[in-house]
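Trainee: Attaching a predicted model along with its sequence, questions to come.
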Amino acid sequence: MATPHFWDTSSDGMGPCTKPMDMATLGEHKAQCSTASGRWLALRYGVGQAVSFVVDRPVTAGVALVGSLVVWLVLP
């Protein structure tokens, strides 16, 4: 025995066919999400590379950090 569905979808009681307006809206949403996530993906990649560098080369990273602090504090 099938259980009745007590929920409704965005199809407004019609079949599960898509409308051209639905596809256009979905395309716009996908473009916006791709643009936004592209920036975050680039930032996450850069941070991951920096962390990987520090973990793989702690002495070199420490020397580079101390050297850059000395240059920043000494030079006007």
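Mentor: Received it, and whenever you're ready, just let me know what you need.

Trainee: so after the longest helix seen in the chain, what's the next helix or strand?
Mentor: Criterion DSSP state H: the longest helix present in the chain is helix 20-56. Next helix or strand after helix 20-56 toward the C-terminus (DSSP states H and E): helix 58-74.

Trainee: Tell me how far that next one lies from the chain's centre.
Mentor: 31 Å (C-alpha atoms, centre = their mean, to the nearest Å).

Trainee: Residues in contact with that helix: which ones?
Mentor: Outside helix 58-74, the residues within contact range by C-beta atoms under 8 Å, 6 or more residues apart in numbering are F53, V54. Bear in mind the C-beta positions are built from the backbone N, C-alpha and C, glycine included.

Trainee: now swap in stretch 28-39 and tell me
Mentor: Contacts of stretch 28-39 (C-beta under 8 Å, 6+ apart): none.

Trainee: Report the rounded mean pLDDT for it.
Mentor: The predicted model assigns stretch 28-39 a mean pLDDT of 79.

Trainee: Using CSV, list the CA coordinates for that stretch.
Mentor: Extracted in CSV, the C-alpha atoms of stretch 28-39 (Å, rounded to 0.1, in the frame of the first residue of the first chain):
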residue,chain,number,x,y,z
GLU,A,28,21.6,32.0,-13.9
HIS,A,29,21.9,30.6,-10.4
LYS,A,30,24.7,28.2,-11.5
ALA,A,31,26.6,31.0,-13.2
GLN,A,32,26.4,33.1,-10.0
CYS,A,33,27.5,30.2,-7.8
SER,A,34,30.4,29.3,-10.1
THR,A,35,31.6,32.9,-10.0
ALA,A,36,31.4,33.1,-6.3
SER,A,37,32.9,29.7,-5.6
GLY,A,38,35.7,30.3,-8.1
ARG,A,39,37.1,33.1,-5.9
